[in-house]
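Trainee: Fold the following.
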Amino acid sequence: MPLLYFFLWIVLNGRVTPELIVFGILISGGACAFTYRVFDYSPRNDLFFFRNFPVFLLYFLNLILEILKAAFLVMSLVFEAEDPEPVIVEFHSGFSRNLQNVLLANSITLTPGTITIIQEGDHFVVHCLRREYAEGIENSSFVRILRRLK
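Mentor: The predicted structure follows:
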């Protein structure tokens, strides 16, 4: 987090001088202290992120791919003359971490054709535009990648 704040300081200033570096270090330290105290942030979160960076990167790329695939499926549904036959599905993700459950809920909602209606702990209620979209949702690529988090 301190490096992120310092990098942001340098980028927003647009130049690098000795005074800006010194002030950047001081302001970054103060911003980190504020973040740790007010938002109950811990340096362990940084370690968790860096340790799992390849998994987060893979998840992000998979999310983009799934959004594109689903967008084309929903687009083809719009041009069909059939009714979509929506369905509501309930399932448990089995994740104990809140981060994994929130990422999964948001990813489902970002993917066209599906919306997370309720997410309480690892319990999900999802609305799917078609019955086919609901098949295997509890073991989707999102869930398989999130299981890799250590």
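
Trainee: For the nearest residue to N52 once chain neighbours are set aside, which three-state class applies?
Mentor: Distance criterion CB to CB, 6 or more residues apart in numbering; nearest residue to N52, sequence neighbours excluded, is L149 at 5.3 Å. The C-beta positions use only the backbone N, C-alpha and C, and glycine is treated the same way. Under the three-state scheme (DSSP: H, G, I helix; E, B strand; the rest coil), L149 adopts coil.

Trainee: before we move on, what about I27?
Mentor: Assignment for I27 (three-state DSSP): helix.

Trainee: Tell me the confidence at the nearest residue to it once chain neighbours are set aside?
Mentor: Nearest non-adjacent residue to I27, counting by CB to CB, 6+ apart: W9, 6.1 Å away. For W9, the pLDDT comes out at 92.

Trainee: about what we covered before: now for the residue nearest to N52: which residues touch it?
Mentor: N52, V55, R97, L99, Q100 (CB atoms under 8 Å, 6 or more residues apart in numbering).

Trainee: quick one, domains of the protein?
Mentor: What automatic domain parsing lists as the domains of the chain is 2-41, 52-146.

Trainee: as a whole number, average confidence for the last one?
Mentor: Along domain 52-146, the predicted local confidence has a mean pLDDT of 93.

Trainee: Next, the distance between the ends of it.
Mentor: This stretch, domain 52-146, spans 10 Å end to end (CA to CA, to the nearest Å).
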